[in-house]
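**Q** predicted model and sequence below, questions to follow.
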Amino acid sequence: MSLSTDPEAPRKHVLNELGFATRRAGADLRGTASITPEMHVPGTSCLRASILATWADTLIGLLAAQVTAP
């Protein structure tokens with residue numbers, strides 16, 4: 001990964017680097033993610049709890065903001 005020194009360059013959010021994306025589907029909010037081997041607990045096929053918690057926290061926060069927005 002290279003860092004840009006151009007102040008006009010678009011910045012990538014850390015969730016994009018985790019392969020996480022959200023979109024609206026009517027009144028719903030949907031999330032998708034690309035799973036990579038680095039996201040697994042070493043030596044297992046289980047995702048790290050921190051990855052799952054981050055994705056859940058992001059969706060819950062976006063839904064809360066949508067409900068409380070003026």
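**A** That came through, no problem.

**Q** what about the strands in the protein?
**A** In the chain, strands defined by DSSP state E lie at 20-25, 28-33, listed in chain order.

**Q** mind putting these into JSON lines with mean neighbour count and distance to H40?
**A** (Each C-beta comes from the backbone N, C-alpha and C, glycine too.) Written out in JSON lines, the entries for the strands of the chain read as follows (neighbours: other CB atoms under 10 Å; distance: least, CB to CB, whole Å):
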{"stretch": "strand 20-25", "mean neighbour count": "12", "distance to H40": "16"}
{"stretch": "strand 28-33", "mean neighbour count": "12", "distance to H40": "13"}
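
**Q** can I get these in CSV including distance to D57?
**A** Listed next are the strands of the chain as CSV, based on distance: least, CB to CB, whole Å:
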stretch, distance to D57
strand 20-25, 11
strand 28-33, 11
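
**Q** can you list these in a markdown table and add mean pLDDT?
**A** A markdown table is the format used below for the strands of the chain (pLDDT from 0 to 100):
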| stretch | mean pLDDT |
| --- | --- |
| strand 20-25 | 86 |
| strand 28-33 | 85 |
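
**Q** so what's the residue count around the closest residue in space to R48 that isn't next to it in sequence?
**A** Taking CB to CB, 6 or more residues apart in numbering as the measure, R48 lies nearest to V41, with 5.6 Å between them; neighbours along the chain are not counted. For V41, the number of neighbouring residues by other CB atoms under 10 Å comes to 11.

**Q** may I have the single longest helix found in the chain as CSV, with CA atoms only?
**A** Under DSSP state H, the helix in the chain containing the largest number of residues is helix 49-68. Once non-C-alpha atoms are left out, helix 49-68 reads as follows in CSV (Å, rounded to 0.1, in the frame of the first residue of the first chain):
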residue,chain,number,x,y,z
ALA,A,49,-14.4,-11.8,16.7
SER,A,50,-13.0,-8.3,16.2
ILE,A,51,-13.9,-8.4,12.5
LEU,A,52,-17.4,-9.5,13.2
ALA,A,53,-17.8,-6.9,15.9
THR,A,54,-16.5,-4.1,13.7
TRP,A,55,-18.9,-5.0,10.9
ALA,A,56,-21.9,-5.3,13.2
ASP,A,57,-21.0,-2.0,15.0
THR,A,58,-20.7,-0.2,11.7
LEU,A,59,-24.1,-1.4,10.4
ILE,A,60,-25.8,-0.6,13.8
GLY,A,61,-24.3,2.9,13.8
LEU,A,62,-25.5,3.6,10.3
LEU,A,63,-29.0,2.4,11.1
ALA,A,64,-29.1,4.5,14.3
ALA,A,65,-28.0,7.5,12.4
GLN,A,66,-30.6,6.9,9.7
VAL,A,67,-33.4,6.7,12.3
THR,A,68,-32.3,9.7,14.3
